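Engineer: predicted model and sequence follow; I will ask about them next.
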Amino acid sequence: MKKCIFLLLFISSTLFAQSITQEEIIGSWKAIEAEGLDKLPPKQAKMMENMFLDAAFKFQENGRFDIVLKNTKGIAQQEFLKTIKNSRWIFNSDKSTISIGNKSNNFKIMEIYVAEKETQIYFLLKESPLILKVVKESWN
């Protein structure tokens, strides 16, 4: 319940000044800052930070999704990469959400709320208080 309240407060307080389009999502996004870690137990916060900080989220035009993690040594990271391998992404513009998975799991491996605040893009990972500040990278 606390996660829902936190998420609603974050979204309603100055986010979504502009709508994000699917075309704007396409590309590679690097997580440069992580917020909300203080809402997690210390061990889980460290694991989430190690997993997602400096990660590259890659949304291809053909619907394919890849993620490159900076740290792949932990068991959680390896299991996550195994689960997400060969995934696809779909964008719901009405809700500003990216759903990751495939038809067999109803795109429920991971859901990301995409928010914009003062020209900065944030990825809010559903089922977690984690908020990632992201920047778009080149495709090179």
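Structural biologist: That came in fine, so what should we check first?

Engineer: how about the strands in the protein?
Structural biologist: For the chain, the strands defined by DSSP state E occupy 27-35, 56-59, 65-68, 88-92, 97-101, 110-117, 120-125, 131-137.

Engineer: export those to TSV and tack on distance to Q77?
Structural biologist: Where you see a C-beta, it was placed from the backbone N, CA and C, and this is true even at glycine. Output for those, formatted as TSV (distance: least, Cβ to Cβ, whole Å):
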stretch	distance to Q77
strand 27-35	14
strand 56-59	14
strand 65-68	10
strand 88-92	20
strand 97-101	16
strand 110-117	14
strand 120-125	15
strand 131-137	16
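
Engineer: can you tell which of those strands is closest to K46?
Structural biologist: strand 27-35 (10.8 Å; Cβ to Cβ).

Engineer: who's in contact with E61?
Structural biologist: I26 (Cβ atoms under 8 Å, 6 or more residues apart in numbering).

Engineer: report pLDDT for it.
Structural biologist: For E61, the pLDDT comes out at 96.

Engineer: any figure for the gap between it and Q22?
Structural biologist: The gap separating E61 from Q22 is 9 Å, by Cβ to Cβ, to the nearest Å.

Engineer: quick revisit: out of the strands of the chain, the one nearest K82 is which?
Structural biologist: Here strand 65-68 is closest among those (Cβ to Cβ), at 11.9 Å.
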